[in-house]
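*Asks:* Need coordinates for the following:
(2 chains)
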Amino acid sequence: MDSQVNARILYEVIELVAANQEVSASLTDVSAYLLQQFAGQLAAVFLADQQRENLVLRLLVDRQGRRLPGGPLPRYPLQAQNLFTQTWISRIPAQGGNPFKQPPAGGEADLPAVLRQPECCWVFPLGDDSTSYGVLALFFPREAPLADGDSHLIAAVSRLLAIGIRNSELDDWAQKKIQRLQFLYDFNEAITSTMDRDRMLSIAIPACLQLLKTSAYVLRLADADSGRLRVERQSPELDAAEAGDPETARQAYRDRQPRLHADGRFPVYVCLPLLSQGKAIGTLEFFDPPGTIPRRQFNRQDLKLLMTIATQLGTALVRTTMYQRLAELNRENERRARRLTTINELENMLLAADDPDTLMKLILGAITSQRGFGFDRAMLFLLDRKRRRLCGRLAATKTDISFGRGDGWQGEEQTPAEYLEMIAGQLCQAAAATPDSLSRDLDNCRIPLQQPEQAIINDILERKKAVLIRVADPEAPRIPPPLSHLLTDQETIFLPLASKEETFGLLVVDNGISLAPIRQTEIPYLKMFVGAAALALDRALLNIQFDQALSMLHETQQKLEQSEKLAALGEMAAGIAHEIKNPLVSIGGFARRLYRQLPADSREKAYGQIIISEINRLEKIVKDVLTFSRGQAEPLEECDLNALVEEIADFFRKDLKQENIRLELQLAPELPPVECNRNQIKQVLINLIANSKQAIGSRPGGRIIVRSAREAGDQPRVRLEIEDNGGGINPELLHNIFNPFFTTKDDGTGLGLPISHKIVLNHQGSIKVKNKEAEGATFIIKLPVRQQKLQHITGSASEP
Amino acid sequence: MKRKILVVDDEESIRLLYREELEDAGYEVRTAASAEEALELIAAGRPDLVIMDIKMPGMSGLEALVKIKEMDRRLPVILCSAYGEYKQDFSSWASDDYVVKSANLDELKRHIEKILAQAAENS
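*Replies:* Numbers count the residues shown, from 1 in each chain, chains lettered A, B, ... in the order given. Have a look, this model is predicted:
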């Protein structure tokens, strides 16, 4: 062939190569063209595999440019001695008989039959200066069809194709590189887009699974202290038992090197050490579970990418963990600061309140409000020292009252004091909104501390320390009833309320509505607050006691002054009364005489009547004054009080019947005789029954009950009760009833009860009134069976 | 025959009242303004009954009572005083009765009748 023809062929080949972007298309078109030009039958392209260890048949083309269907393609290892591998290695075109003519050894048995037809074969190297990519084989029906010039030309064309292959490979490589970089970029962006570790993992892990085309993963993290790996998370479908390969993970973690194909159990397996700043912090295994068909295999080239991912993930894990810890710390600090502010505000509030009821409301409100401590329930008990028992006083349940400068304070328009007052008002309101059932249960809750089963409560009170008890925990100390009835199975905090000296109450706090767990970190703040609250409450309670003591003292003093005044007044009254008595008798006596002489129905007769009745009244007053002011010893006698009561009942019976008042006697049998002045005691009973009768007046269903009973003891006593249903005594007047000259009756002298009082006192007895307002009053007299010293009843009178 | 009653009281108006009332009631009444005068009158002529005030200037009614009983144990004496409540105390003084002084003499009159009836029985 002349050079003109060669030039044309070369030109057309260049055209074909240039027209195709795909290297396989170039190879196909150029092969078909060469077959046409040089009367070839078939063309085959063998290319080296990635590892450049084997030649693989990649293309088979006929003269029409048709790609022949592929079957299992022949594959020749480097060591195989045949025309193709020799040319591949030597890079020198060679010719020989068709190697497929003879049935070849190995996996070539099923080669397409068409490959066996050609007689002759030319093989050209596909290579550039550095790399031998493979070979181009042209098959001919007869031997030696190519002239030297032809083979040179085809060699040149092969060289041209090799450049195309090289470019294509470079292109592939670059594409792959870009893809990986893109992946890494996307991956990195994804895992740095969040500071939340869980979210980061939920982005990263699926991305890796997709990239690696595996279906399962196990993430293990090393424990900071022991360095032992534990599963942090894994594919949800995995059983714990088949979770990856712990042994290989340990190795990968130890060596900080990825591991492939652990032990053959998994069709596909890779384990990456998670690295951060060169340190392994855990492992990530990707694999297909046993029994599944793998979608890909890993090769060493993948490892570099995987290591990059592992490092990125490791860094991200450390970063997010650190961030979370920081965020947690920050939150904790914020909470701490808020708590301290809150406690400070609450303490200020407590200082501003001085009555115990308000204080208790404030305390409970603070514990149960959302921005205070936000507990569900708080119950306050106070110690009744006398009876040695804890009594439920106040309960509060969760509210949404909030406070704190952040949300309630209105800046300059509101002074801090006003603000506190507002909050205090809200807290009190909140405490008042407690469900009735809880309040009622609490009111009824009395814990008798002297009972042995209450030892745990005593213990808590004595230790003065807050205790958290999970009631349902069998290991925990058992809280006995009645307190246990108020509690749930959940955690409960018991906070003794203690002053410097002693415990005076108990605060019980729980989340008994939502049953949410109690945050341990809250307890120190609660303790701090309750400590301050206890001091404030103690102070307020002491104030009250002090006030009470003071007012009692005051009262006693007043009484003392009163009684001294009364004694003096009594002496004087007696003197006056006696001097008045005689003139009164003459006036009255003569008035009666005049009256008798006046004609009936005359005006004068009416006037006389008035004079007489007024004189009667005066006489009665004088008589009472004299009785009250002059005590005088009288002989004592043993007296059967039951008999006395019956005697008086007989005396009153007719009278009471007229008024429709029922008189009932409830007398204790075998009442011991009482040493007393019979007449005086009789007068007392008469006074009291007369009072009852008067109190009942015309009320329907009037009833008077007289009871007697004996009271045993060192000093045996007899008790007499006179009960009526006359509407009781006005409580405001109650303290006055034993004072002389005090009366509510139009025609009373005001001496009936004081005389009775004095008589009973003179008998070393006591008289008390049990008043039920709007119902009735019961007078209770207690008299000793034996009088101890006679002079006690002698009173102050010296001479009649 | 009218029964004789001696009224002893330092107050003239009381003496007058008692006299008129008791005379109206059918008694023969004499009066004395002091315990001493009363004792003289009794010595001069025995009355059937003495009504004696307690608090008087000079000898008190209680002293006079003792003297009268020394003279004549069976002469009934009714103590009559403004002191209201302590009749019992006077029982030991051996008076036959005690009546609280009052403008209403009905009670005194009842007592007088009762005591005179007892005295008549005893004699």
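*Asks:* tell me the strands in the stretch 301-450 of chain A, going along the chain?
*Replies:* A:377-384, A:389-397, A:446-448 (DSSP state E, counting those that start in this stretch).
*Asks:* now the most centrally placed residue in chain B: how far from chain A?
*Replies:* Residue closest to the average C-alpha location in chain B (C-alpha atoms, centre = their mean): B:Ile51, at 1.0 Å. To chain A, B:Ile51 is 13 Å away according to C-beta to the nearest C-beta, to the nearest Å. Using the backbone N, CA and C atoms, a C-beta is placed for each residue, glycine as well.
*Asks:* rewinding a little: I'd like the strands of the stretch 301-450 of chain A laid out as TSV, including distance to A:Asp171.
*Replies:* Output for the strands of the stretch 301-450 of chain A, formatted as TSV (distance: least, C-beta to C-beta, whole Å):
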stretch	distance to A:Asp171
strand A:377-384	74
strand A:389-397	74
strand A:446-448	88
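*Asks:* hey, which of the ones you listed is tucked in deepest?
*Replies:* strand A:377-384 (a mean of 24; mean count of other C-beta atoms under 10 Å in any protein chain shown).
*Asks:* got the angle for it vs strand A:389-397?
*Replies:* 160 degrees (axes from the mean of the first three to the mean of the last three C-alpha atoms, to 10 degrees).
*Asks:* Quick one: residues in contact with strand A:377-384.
*Replies:* A:360, A:363-364, A:367-368, A:389-398, A:438, A:442, A:445, A:447, A:449, A:461, A:486, A:497, A:503-513, A:541 (C-beta atoms under 8 Å, 6 or more residues apart in numbering or on different chains).
*Asks:* what about 7 Å?
*Replies:* A:360, A:363-364, A:367-368, A:390-397, A:442, A:486, A:503-510, A:512-513 (C-beta atoms under 7 Å, 6 or more residues apart in numbering or on different chains).
*Asks:* May I see the buried residues of stretch A:500-515?
*Replies:* A:503-513 (16 or more other C-beta atoms under 10 Å in any protein chain shown).
*Asks:* Tell me how many other residues surround B:Glu36.
*Replies:* Using other C-beta atoms under 10 Å in any protein chain shown, B:Glu36 is surrounded by 15 other residues.
*Asks:* Look at it and tell me its secondary structure.
*Replies:* Three-state assignment for B:Glu36 (DSSP: H, G, I helix; E, B strand; the rest coil): helix.
*Asks:* who's in contact with it?
*Replies:* Contacts of B:Glu36 by C-beta under 7 Å, 6+ apart are B:58-59.
*Asks:* and it, how far is that from A:Pro731?
*Replies:* When C-beta to C-beta, to the nearest Å is applied, the distance between B:Glu36 and A:Pro731 equals 59 Å.
*Asks:* A:Val61 too?
*Replies:* 123 Å.
*Asks:* out of the two, which sits in the busier spot?
*Replies:* Neighbour totals were compared for A:Val61 and A:Pro731, and A:Val61 leads with 23 against 9 (other C-beta under 10 Å).
*Asks:* wait, is the residue nearest to the centre of chain B part of a helix?
*Replies:* No - note on B:Ile51: no helix contains this position according to three-state DSSP, which reports strand.
*Asks:* Isn't it up against B:Arg15?
*Replies:* No - the pair B:Ile51 / B:Arg15 is not scored as a contact, 10.1 Å apart, by C-beta atoms under 7 Å.
*Asks:* who touches both of the two?
*Replies:* In contact with both B:Ile51 and B:Arg15: B:Val7, using C-beta under 7 Å, 6+ apart.
*Asks:* in chain B, which ranges drop under the pLDDT threshold?
*Replies:* By pLDDT under 70, the low-scoring segments of chain B are B:83-95, B:123.
*Asks:* hmm, the longest helix along it in reach of chain A?
*Replies:* Longest helix in chain B by number of residues, with DSSP state H as the criterion: helix B:106-122. No - with C-beta under 7 Å from any C-beta of the partner chain as the criterion, chain A is not reached by helix B:106-122; the gap is at least 9.3 Å.
*Asks:* what about the residue of chain B found nearest chain A, neighbour count?
*Replies:* Closest residue of chain B to chain A, C-beta to the nearest C-beta: B:Ala103 (2.1 Å). Counted by other C-beta under 10 Å, the residues lying close to B:Ala103 total 21.
*Asks:* tell me, which helix in chain A spans the most residues?
*Replies:* Per DSSP H, chain A has its longest helix at helix A:522-597.
*Asks:* And that one, what does it pack against?
*Replies:* helix A:300-352, helix A:356-368, strand A:491-498, strand A:503-510, helix A:603-629, helix B:12-24 (3 or more C-beta pairs under 7 Å, 6 or more residues apart in numbering or on different chains; DSSP states H and E).
*Asks:* Format the ones you listed as JSON lines; extra columns: distance to A:Ile689.
*Replies:* Converted to JSON lines, these look like this (distance: least, C-beta to C-beta, whole Å):
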{"stretch": "helix A:300-352", "distance to A:Ile689": "55"}
{"stretch": "helix A:356-368", "distance to A:Ile689": "43"}
{"stretch": "strand A:491-498", "distance to A:Ile689": "51"}
{"stretch": "strand A:503-510", "distance to A:Ile689": "47"}
{"stretch": "helix A:603-629", "distance to A:Ile689": "17"}
{"stretch": "helix B:12-24", "distance to A:Ile689": "34"}
